[in-house]
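Chemist: pasting the sequence and the predicted model now:
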Amino acid sequence: MSSVNTAIQLITREQAENGAAAKGGTCSPALAKGPWDYDLAEALAGVPAYGPGASSADVAPAATPRQGQLPEEYKRASDAELGERILAAKAVLGDRAVILGHFYQRDEVIQYADFVGDSFQLANAALTRPDAEAIVFCGVHFMAETADILSAPEQAVILPNLAAGCSMADMADADSVAECWEQLEEIFGTEPDAEGRVPVIPVTYMNSSAALKAFCGENGGIVCTSSNAKTVLEWAFERGQRVLFFPDQHLGRNTAKALGVPLEQMPMWNPRKDLGGNDEQALLDSRVILWHGFCSVHKRFNVAQIEQARADFPGVQVIVHPECPMEVVDAADSAGSTDFIKKAIAAATEPTAFAIGTEINMVNRLAAEYPQHTIFCLDPVICPCSTMYRIHPGYLAWVLEELVAGRIVNRITVADSVQDHARTALERMLAARP
Ligand code: SF4
């Protein structure tokens, strides 16, 4: 199977050698480099960064985990050698290790995964392997945290590259959310209204730190995914007069709008400003307070790309992820989670053109899986999720061979006190019904 990373390397090499951009091109020539170059650059500069790709322009918080240097042998090994070493380690480990691969992960890594899915599907897939001592999560940091919360205490969750964070999750940190909550309590108080609805219910997207899931668990709130956001908002409106939704403003806005909440009742909370940049009345009148966060991958999609796709492929079906801006969701034929997108394509019985607004690795994989359809990414520029990009087969080979040697590296552990409250918020989500 051709991988986007191999394609990126070919394109960038061509760009370097010929000085000409290949069709579409990539968003950064640095994508052709090994991610370990960024581990080193961060160590030298003393500041964390997201690496090349869609989130590279975002500022990584100082506390963002950093990856130490990958041993040289893994950097120098060819793809074929790494493949042999990964398969050999997997064979030795057998059921002792399970490898999970997120939809947005590159194919060079996905080919070794035991399960492929979205973050919540993967955390649940790990539950089917209680015999596994190690859960190797080829995704990003918050996903590994969720797997640690849901797995047995003796199971070790491993993130092959610690620098694989999520720029969106990092946009809402626990301190800023606690500060926001305090200001909201000062305005709204804490007493329920005549119908027993509390002033505000916190709702966090799955793409957030365990600390924020715990915050929701502790404060009568709940977690949502992009598949169940509507059900979760309905759950919250039954119990609260309004919702504080973080970290993704777009998922919050798109979902609330679909439920009929007017835009003027959805103020944005900018954590760098007093009252989030709002006046008190706007907050009192609000139904959903949207955190000023976004996914840098999905923010790249725009209405002009949809118009171009419709001009190039009359009759094209445009499907986008709800992390895309509202005007993109409005201009698309449909919007939904990665699972929704997969199912929509699988359900098409006639050859169809699909323009997809989500991460390029997933789109390319769908195109390979369904050759009877014309499937392409709305964004003509190849620009993967820069944090997923930080995981490379070299890191996977390293963590697996360390396991074979009896050592656990890059373990992601969520403190027990955080786990308990986060689990409460996750359980509320599982119990929420339409
Ligand atoms: S695609 Fe966006 S939300 Fe998903 S991990 Fe990457 S930056 Fe985070």
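Modeler: Now that the structure is in, tell me what you want to look at.

Chemist: make it CA atoms for all contacts and neighbour counts henceforth
Modeler: OK.

Chemist: what about stretch 269-277, start to end distance?
Modeler: Start and end residues of stretch 269-277 are separated by 7 Å (CA to CA, to the nearest Å).

Chemist: residues contacting it, please?
Modeler: Contacts with stretch 269-277, where a contact means CA atoms under 8 Å, 6 or more residues apart in numbering, come from 176, 177, 180, 183, 184, 268, 278, 289, 290, 291, 292.

Chemist: run the last query once more with 10 Å
Modeler: 171-173, 175-177, 179-180, 183-184, 187, 244-246, 249, 267-268, 278, 283, 289-293 (CA atoms under 10 Å, 6 or more residues apart in numbering).

Chemist: pLDDT weak spots in the protein?
Modeler: For the chain, applying pLDDT under 70 flags the ranges 1-23, 434.

Chemist: all strands of the protein, in order?
Modeler: 97-102, 115-117, 134-138, 156-158, 201-205, 222-224, 243-246, 268-269, 288-291, 317-320, 334-335, 353-357, 374-377 (DSSP state E).

Chemist: what pairs with the last one, parallel or antiparallel?
Modeler: Each strand that pairs with strand 374-377, with its direction, by DSSP bridges: strand 353-357 (parallel).

Chemist: next one: the strand it pairs with to chain centre, how far?
Modeler: Taking CA atoms, centre = their mean, to the nearest Å, one finds the center of strand 353-357 at 20 Å from the center of the full chain.

Chemist: then stretch 311-318?
Modeler: Taking mean C-alpha positions (CA atoms, centre = their mean), stretch 311-318 and its chain are 28 Å apart.

Chemist: just stretch 55-67 next, same as before
Modeler: Computed by CA atoms, centre = their mean, the chain-centroid distance of stretch 55-67 equals 15 Å.

Chemist: among the strands of the chain, which comes closest to residue 37?
Modeler: In terms of CA to CA, the element of these nearest to residue 37 is strand 134-138, at 19.1 Å.

Chemist: who's in contact with residue 112?
Modeler: Contacts of residue 112 by CA under 10 Å, 6+ apart are 83, 86, 87, 90, 98, 99, 100, 101, 138, 393, 396.

Chemist: hmm, the first one is touching residue 74, no?
Modeler: Read it as residue 83. No: counting by CA atoms under 10 Å, residue 74 is not a contact partner of residue 83; they are 11.1 Å apart.

Chemist: give me the common contacts of the two.
Modeler: What both residue 83 and residue 74 touch, as defined by CA under 10 Å, 6+ apart, is the set 393, 394, 396, 397.

Chemist: residue 154: which of those is nearest?
Modeler: Closest to residue 154, out of all of the shared contacts of residue 83 and residue 74 and judged by CA to CA, is residue 396, at 21.0 Å.

Chemist: who's residue 382 bridged to?
Modeler: The partner residues for residue 382, given DSSP bridges, come to residue 26.

Chemist: near the ligand, which residues of the stretch 51-200 of the chain?
Modeler: For the stretch 51-200 of the chain, the contact set with the ligand under CA under 6 Å from any ligand atom comprises 166, 167, 168.

Chemist: now do the residue of the chain most remote from its centre against the ligand, distance only.
Modeler: Here the centre of the chain is the reference, and by CA atoms, centre = their mean the most remote residue is residue 194, at 38.7 Å. Using CA to the nearest ligand atom, to the nearest Å, residue 194 is found at 38 Å from the ligand.

Chemist: for that residue, give its distance to residue 144.
Modeler: Taken as CA to CA, the span from residue 194 to residue 144 is 41 Å.

Chemist: middle-most residue in this protein, spatially?
Modeler: residue 207 (5.5 Å).

Chemist: narrow the shared contacts of residue 83 and residue 74 to those in helices?
Modeler: If you go by DSSP state H, the shared contacts of residue 83 and residue 74 have 393, 394, 396, 397 in helices.
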